[in-house]
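Student: I'd like to go over a predicted model; first the sequence, then the structure.
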Amino acid sequence: MDALSNTFAALADPTRRAILARLALGEANVGEIAQPFAISGPAVTKHLKVLEQAGLISRSRVAQQRPARLEPEALRAASEWLGEYRRFWDAKFDDLDAYLAKLQTGETE
């Protein structure tokens, strides 16, 4: 699977998106990440492995702990890919605005 597919696969899960939101506030260990969820530490670890394989987080070792850290650069490719479609839809909405303005003024083509 390519990197962009791995990113979107990892982001498809709401728990993993919530974990990324938590890590956007700063690095945290498994216990800190698991706290707001009704899931076990091992389940959080599985989610972290998926995020790490997608390059969305990194983990280090500090004594007995393995804190996780967000890698925001990894989201750039997904953002750029989505940006292409954002430009497409912005242009379509601009066309719709122009058409509705013509309708309001009574102009027809």
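Tutor: Good, I have the coordinates. Residues are numbered from 1 along each chain as shown.
Student: hey, C-alpha coordinates of stretch 64-79 in CSV?
Tutor: Written as CSV, here are the backbone C-alpha positions of stretch 64-79 (Å, rounded to 0.1, in the frame of the first residue of the first chain):
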residue,chain,number,x,y,z
GLN,A,64,10.2,2.3,30.8
GLN,A,65,8.0,4.6,28.8
ARG,A,66,7.4,4.9,25.0
PRO,A,67,6.0,8.4,24.5
ALA,A,68,4.2,9.1,21.2
ARG,A,69,4.6,12.3,19.3
LEU,A,70,2.6,13.7,16.4
GLU,A,71,4.5,13.9,13.1
PRO,A,72,2.5,16.7,11.4
GLU,A,73,4.6,16.6,8.2
ALA,A,74,3.1,13.2,7.4
LEU,A,75,-0.3,14.8,7.0
ARG,A,76,1.0,17.2,4.2
ALA,A,77,0.6,14.7,1.4
ALA,A,78,-3.0,14.0,2.4
SER,A,79,-3.7,17.7,2.8
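Student: what's in contact with that stretch?
Tutor: Here stretch 64-79 makes contact (CB atoms under 8 Å, 6 or more residues apart in numbering) with 3-4, 7-8, 11, 19-20, 23-24, 27-30, 33, 48, 51-52, 54-60. (C-beta placed from N, C-alpha, C; glycine too.)
Student: Among these, name the buried ones.
Tutor: 7, 11, 19-20, 23, 27-30, 33, 48, 51, 54-57, 59 (16 or more other CB atoms under 10 Å).
Student: just checking, which of those belong to helices?
Tutor: 7, 11, 19-20, 23, 30, 33, 48, 51 (DSSP state H).
Student: Now that we have these, can you turn them into a markdown table and tack on pLDDT and distance to G83?
Tutor: Below are those laid out as a markdown table (pLDDT from 0 to 100; distance: CB to CB, whole Å):
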| residue | pLDDT | distance to G83 |
| --- | --- | --- |
| T7 | 94 | 14 |
| L11 | 95 | 16 |
| I19 | 96 | 24 |
| L20 | 96 | 19 |
| L23 | 96 | 23 |
| V30 | 91 | 33 |
| I33 | 93 | 29 |
| L48 | 96 | 28 |
| L51 | 97 | 22 |
